[in-house]
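Peer 1: Sharing a sequence plus its predicted fold:
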Amino acid sequence: MDTTPSASGTPDAQAPYRTTGALATHAVHAGREDLAALGLHAAPLDLSTTYPSSDSRGEGLRLDEFAATGAQLEGPPVYARLDNPTVGRFEQALARLEGTESAVAFASGMAALTAVLLARSAAGLRHVVAVRPLYGCSDHLLSGGLLGTEVTWTDPEGIADAVRPDTALVMVETPANPTLAEVDLDAVARACGRVPLLVDNTFATPVLQRPREHGARFVLHSATKYLGGHGDVLGGVVACDEEFARDLRRIRFATGGVLHPLAGYLLLRGLSTLPVRVKEQSATAAELVRRLAADPRVTAVHYPRLGGAMVAFEVRDDPHEVISGVRLITPAVSLGSVDTLIQHPGSISHRIVAAGDRAAGGISEKLLRMSVGLEDVEDLWQDLDLALSGLRPRPEPRRETAVR
Ligand code: MET
């Protein structure tokens, strides 16, 4: 972060901090610069849905301004669907990590993608060029026509030819969910020309890749995954320039897909450990990849050149037996948590994509996707090894629903 010393040259408690610009430092401090001046250590959690004001005329003018521009309100918030200070801290921090001017948070990754598509559609642009695979519900949102989007699926080499005058954006996910296929972002950005490039950076996180630096205009996250990091918060966010952030805020206000302030609080807290989690989980993933690649029960292992904590592999025998055979590893969809999760994309994360389209995207029915957590690598391997052996009995089906 660029900072200026105080006029006197002496340390000024009110001045922003100085750093080398290292991501690890921003992860801990971004969005929290004012806390010391407020006499606080942890970020305040503001759960207000509304805010008192005795000046209705003034509020009217502020609302006019927001409706016309989407610029963040000066002064106190008016109503939680426009703006929330705790969520604002998370947005500021994520924008810093992604190296963008702004970020706008939503109730989920899908709400975030929806807002991007609606914002472009409101500008009269409904055609999307996209590269498979994408996360299954992103694929469905684009191809299902639910938002009136028309999509041209292509490979990275076909992007320049697929772009039309009414193209709203080009969308890629790299490394992709679930195959971990990668695209060359610099080349893709060049092929986009003047059309904005949207990159789903959920798997890589800004720790491993900052798409803005490669020419992306919109960076999408399911914040539910690595940003939150503990499997206890649902959210989405778009990091972008302030001009598009204003469009997104107006869409968010109109459609109501806001991030809950408690989620904003948890996501801000999650960011502080993002670099260490990603590094540690990636090191364990790399070791598991090495062992899986040498295992005759595994026919293919997919792991990105970029690294990361996501591993995909194809098994010789029945993938469903591996899912039912794990005990330490959590057999559940989702990713990015501190515990290791495994799922079968053909049955869950990409179920909604037609079988033929799954196959076209390289998603084999033998494919398993694993999100490596913070457990000890030997414990994880022991669990995987036994699950791959198919020797474990199936767990008894649950007969009663636990009281929570
Ligand atoms: C509801 S299915 C998937 C959730 C999540 N986006 C994943 O890929 O695991």
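Peer 2: Yes, it's here.
Peer 1: Near the residue in the stretch 201-350 of the chain positioned nearest to the ligand, how many other residues are there?
Peer 2: Closest residue of the stretch 201-350 of the chain to the ligand, CB to the nearest ligand atom: residue 349 (3.9 Å). Backbone N, C-alpha and C define where each C-beta goes, glycine included. Residue 349 has 20 neighbours, counted by other CB atoms under 10 Å.
Peer 1: Now it, what are its backbone angles?
Peer 2: The phi and psi values for residue 349, taken as degrees, to the nearest 10, are phi -60, psi -30.
Peer 1: How about the one 3 residues further on?
Peer 2: When quoted as degrees, to the nearest 10, the phi and psi of residue 352 stand at phi -80, psi -10.
Peer 1: and it, how far is that from the ligand?
Peer 2: Distance of residue 352 to the ligand, computed by CB to the nearest ligand atom, to the nearest Å: 8 Å.
Peer 1: and the closest residue to that residue other than its chain neighbours, what element?
Peer 2: Ranked by CB to CB, 6 or more residues apart in numbering and with sequence neighbours excluded, the top spatial neighbour of residue 352 is residue 140, at 4.6 Å. Here residue 140 sits within helix 136-143, counting by DSSP states H and E.
Peer 1: Return the residues in contact with the residue of the stretch 201-350 of the chain closest to the ligand.
Peer 2: By CB atoms under 8 Å, 6 or more residues apart in numbering, the contact list for residue 349 reads 135, 136, 177, 178, 333, 343, 369.
Peer 1: Now the two most distant members of these.
Peer 2: For the contacts of residue 349, the farthest-apart pair by CB to CB is 135 and 343; their separation is 12.3 Å.
Peer 1: tally of neighbours for the residue nearest to residue 101 when sequence neighbours are not counted?
Peer 2: Excluding the flanking residues, the one nearest residue 101 by CB to CB, 6+ apart is residue 242, at 4.5 Å. Residue 242: 13 surrounding residues under other CB under 10 Å.
Peer 1: quick one: pLDDT of residue 242?
Peer 2: Reported pLDDT at residue 242 in the predicted model: 98.
Peer 1: Could you do residue 3 as well?
Peer 2: 38.
Peer 1: pLDDT weak spots in the chain?
Peer 2: 1-19, 393-404 (pLDDT under 70).
Peer 1: any idea how it splits into domains?
Peer 2: Here the domain parsing of the chain from automatic domain parsing is 23-273, 274-389.
Peer 1: re the thing from before, can you name every helix or strand that the helix holding residue 140 contacts?
Peer 2: Judged by 3 or more CB pairs under 8 Å, 6 or more residues apart in numbering; DSSP states H and E, the packing partners of helix 136-143 are helix 109-122, strand 127-131, strand 150-154, strand 167-173.
Peer 1: how about those in TSV, adding mean neighbour count?
Peer 2: Formatted as TSV, these follow (neighbours: other CB atoms under 10 Å):
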stretch	mean neighbour count
helix 109-122	22
strand 127-131	23
strand 150-154	17
strand 167-173	24
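Peer 1: Contact distance from the ligand - what residues of the stretch 201-350 of the chain qualify?
Peer 2: Within the stretch 201-350 of the chain, the positions lying close to the ligand (CB under 6 Å from any ligand atom) are 222, 333, 334, 335, 348, 349.
Peer 1: Which of those has the largest number of neighbours?
Peer 2: Most neighbours among these, by other CB under 10 Å: residue 222, with 29 neighbours.
Peer 1: for that one, which residues make a bridge with it?
Peer 2: Beta-bridge partners for residue 222, by DSSP bridges, are residue 236.
Peer 1: Check residue 151 too.
Peer 2: Under the criterion used here (DSSP bridges), residue 151 is bridged to residue 128.
Peer 1: Now residue 330. Its backbone dihedrals?
Peer 2: Dihedral angles for residue 330 - degrees, to the nearest 10 - are phi -80, psi 120.
Peer 1: pretty sure it is touching residue 343, no?
Peer 2: No: counting by CB atoms under 8 Å, residue 330 does not reach residue 343; the two are 9.2 Å apart.
Peer 1: more crowded one of these two?
Peer 2: Remark: of residue 330 and residue 343, residue 343 carries more neighbours, 22 against 17, as counted by other CB under 10 Å.
Peer 1: which residues touch the more buried one?
Peer 2: Remark: with contacts taken as CB under 8 Å, 6+ apart, residue 343 is in contact with 323, 331, 332, 333, 334, 349, 368, 369.
Peer 1: which ones among the residues you listed are found in helices?
Peer 2: Under the assignment DSSP state H, the contacts of residue 343 contribute residue 323 to helices.
Peer 1: how about a markdown table for the helices and strands packed on helix 136-143, with distance to the ligand added?
Peer 2: A markdown table is the format used below for the helices and strands packed on helix 136-143 (distance: least, CB to the nearest ligand atom, whole Å):
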| stretch | distance to the ligand |
| --- | --- |
| helix 109-122 | 7 |
| strand 127-131 | 16 |
| strand 150-154 | 19 |
| strand 167-173 | 10 |
